[in-house]
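Chemist: Sequence and predicted structure, then a few things I'm wondering about:
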Amino acid sequence: MGADITSDIDAITADLVGWDKKILSVAKILRDKNKSSDSGGCGNFLEDNLSVKVEPDNSSNLIVGGIDGGLLQKEYHGVNIIITRAVCAVFKYKDRKLSDSDYYPSAFPSPKIKVVKSSFDPSSFSSVASIFRLEGELGLACDMLSTQNDMDLLFLDGSLTLHPSVLGGVGPIKKGYEDLVGTVKRMYLLALEKKTILSGIVEDSRSQAFIKNCRSMLDVDDVKSLENVKDTHLLTYLLSVGERTSVFRTVDDNGGVSSEVKGFENNLFSFYIRTSEFDRALRVDFVAKENPVAVASKIASSIFSMSRHNSAYGIPPVIIDADQRAKLSGDELMSVENEIKRGAGRLASFSELRRNSRPV
């Protein structure tokens with residue numbers, strides 16, 4: 001490695017160490033305010049303390065569902081192919097031990113295939129693919145909420161609100177988005193009507209919602225120190241294992257309310273929880289009709305009980321299982337390609353892009 005590169009790396013390392021020291025310093029300030037009960041009533045927080053101790057769930061019997069989806073997409077000269085699969089794993093705990101499991105619609109369901117003929121740019125194609133994947137996952141969530149009356153908790157892998165990358169659009173994207181909004185609203189409504197608690201587990205949140213709600217507790221320099229910091233970065237220093245943050249409202253309506261949450265903005269809440277020593281905090285979204293703090297406590301206790309045994313990966317096992325079953329492989333894409341070629345023959349629309357077929 002050359003001297004110039006070594007020098008650059010040394011400078012980058014020093015900058016990162018200094019950055020983390022500032023974040024650690026702000027975390028200490030917030031911890032001190034937490035101890036003095038000087039943090040209540042700020043932002044969208046619903047509790048007096050920024051951090052709350054989580055007790056493991058002592059319920060001996062629990063039925064928990066976890067939904068995840070897989071996605072593969074590929075562009076061709078004239079068409080694009082999207083392949084998705086959604087799976088719900090259901091774990092039944094008895095005497096605090098896993099006693100049984102079940103899967104919907106099956107343990108390894110056949111994937112769903114969509115061919116898009118429009119000549120979208122790559123970013124628009126990604127939006128179409130995301131909408132198609134989410135329709136499968138959230139539609140499955142609606143089915144589970146409708147039919148599984150004995151389920152205590154249903155976890156989705158991801159947020160309960162739509163990412164900005166799938167919002168709006170024109171033509172087929174707009175139609176797909178409008179259909180997806182209808183599915184999201186139906187899911188919220190079912191969650192409010194049923195006894196099953198619906199929750200979204202965000203593994204790698206990029207949100208700054210918690211930090212925004214803390215600004216009023218910090219001076220100007222400390223606020224500036226957190227300008228480019230994610231919640232989970234700060235919470236690595238703020239939360240200990242077995243702690244969660246105060247509950248806060250998921251939707252900040254200062255910038256307007258997106259269409260899929262309109263009418264439900266007062267039923268959507270979030271918190272962060274740290275379940276493992278060597279893993280980051282998870283963001284947890286959930287739906288509640290009343291007493292969101294009590295609902296958050298139940299969710300947090302259940303997540304902590306199920307996830308604390310892995311010191312490096314604190315995700316509920318039911319979601320890990322759903323992820324493994326929903327995952328799609330390159331072999332499955334190749335199989336779909338071969339079947340289309342077998343039926344359609346050599347078509348210009350189905351020829352490879354040049355960047356994928358350059359001579360070696």
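Modeler: Yep, that arrived.
Chemist: Under a three-state scheme, what state does residue 99 occupy?
Modeler: Assigned state for residue 99: strand (three-state reduction, DSSP: H, G, I helix; E, B strand; the rest coil).
Chemist: which residues of the stretch 101-250 of the chain fall in helices?
Modeler: For the stretch 101-250 of the chain, the helices defined by DSSP state H, counting those that start in this stretch occupy 122-147, 171-193, 209-214, 220-225, 231-238.
Chemist: Mind checking those for the one nearest to residue 48?
Modeler: Among the helices of the stretch 101-250 of the chain, helix 209-214 comes nearest to residue 48, with 13.5 Å by CB to CB. All C-beta spots, glycine's among them, are computed from the backbone N, C-alpha and C.
Chemist: tell me what that closest one is packed against?
Modeler: If you count contacts as 3 or more CB pairs under 8 Å, 6 or more residues apart in numbering; DSSP states H and E, helix 209-214 packs onto helix 231-238, strand 248-249.
Chemist: Swap in 10 Å and give it another go.
Modeler: Contact analysis of helix 209-214 by 3 or more CB pairs under 10 Å, 6 or more residues apart in numbering; DSSP states H and E lists helix 3-35, helix 220-225, helix 231-238, strand 243-245, strand 248-249, strand 268-274 as its packing neighbours.
Chemist: mind exporting the lowest-mean-pLDDT helix or strand in the chain as PDB, just the C-alpha atoms?
Modeler: Comparing helices and strands within the chain by mean pLDDT, DSSP states H and E singles out helix 330-344 as the least confident, with a mean of 82. The C-alpha atoms that make up helix 330-344 are tabulated as PDB, following Å, rounded to 0.1, in the frame of the first residue of the first chain:
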ATOM      1  CA  GLY A 330     -30.300 -17.100  -9.200                       C
ATOM      2  CA  ASP A 331     -31.200 -20.600 -10.200                       C
ATOM      3  CA  GLU A 332     -34.900 -19.700  -9.900                       C
ATOM      4  CA  LEU A 333     -34.400 -16.700 -12.100                       C
ATOM      5  CA  MET A 334     -32.600 -18.900 -14.700                       C
ATOM      6  CA  SER A 335     -35.400 -21.400 -14.500                       C
ATOM      7  CA  VAL A 336     -38.000 -18.700 -15.300                       C
ATOM      8  CA  GLU A 337     -35.800 -17.400 -18.200                       C
ATOM      9  CA  ASN A 338     -35.500 -20.900 -19.700                       C
ATOM     10  CA  GLU A 339     -39.200 -21.500 -19.500                       C
ATOM     11  CA  ILE A 340     -40.000 -18.200 -21.200                       C
ATOM     12  CA  LYS A 341     -37.400 -18.900 -24.000                       C
ATOM     13  CA  ARG A 342     -38.800 -22.400 -24.400                       C
ATOM     14  CA  GLY A 343     -42.300 -21.100 -25.000                       C
ATOM     15  CA  ALA A 344     -41.600 -17.800 -26.900                       C
END
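Chemist: ok, and for it, which residues are buried?
Modeler: Of the residues in helix 330-344, 332, 333, 336, 340 count as buried by neighbour count, 16 or more other CB atoms under 10 Å.
Chemist: Let me have the residues you listed in a markdown table, adding distance to residue 262 as columns.
Modeler: What follows is those, written out as a markdown table (distance: CB to CB, whole Å):
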| residue | distance to residue 262 |
| --- | --- |
| 332 | 37 |
| 333 | 37 |
| 336 | 37 |
| 340 | 40 |
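Chemist: what about the spatially most central residue of the chain, distance to residue 25?
Modeler: Taking CA atoms, centre = their mean as the criterion, residue 158 is the residue nearest the geometric centre of the chain, at 1.9 Å. Counting by CB to CB, to the nearest Å, the separation of residue 158 from residue 25 is 32 Å.
Chemist: got it, and residue 266?
Modeler: With distances defined as CB to CB, the gap from residue 266 to residue 25 amounts to 36 Å.
Chemist: again with residue 239
Modeler: From residue 239 to residue 25 the distance is 16 Å (CB to CB).
Chemist: Between the two, tell me which one has more neighbours.
Modeler: residue 239 (24 against 12; other CB atoms under 10 Å).
Chemist: picking that back up, what distance separates the least confident helix or strand of the chain from the middle of the whole chain?
Modeler: If you compare the mean C-alpha spot of helix 330-344 with that of the full chain, they lie 31 Å apart, counting by CA atoms, centre = their mean, to the nearest Å.
Chemist: what do you get for stretch 248-268?
Modeler: Taking mean C-alpha positions (CA atoms, centre = their mean), stretch 248-268 and its chain are 17 Å apart.
Chemist: Return the set of buried residues in it.
Modeler: The neighbour-count check on stretch 248-268 (16+ other CB under 10 Å) flags 248, 249, 250, 251, 258, 260, 261, 264, 267, 268 as buried.
Chemist: Tell me the one of the residues you listed nearest residue 328?
Modeler: Using CB to CB, residue 260 is the member of the buried residues of stretch 248-268 that sits closest to residue 328, with 25.8 Å.
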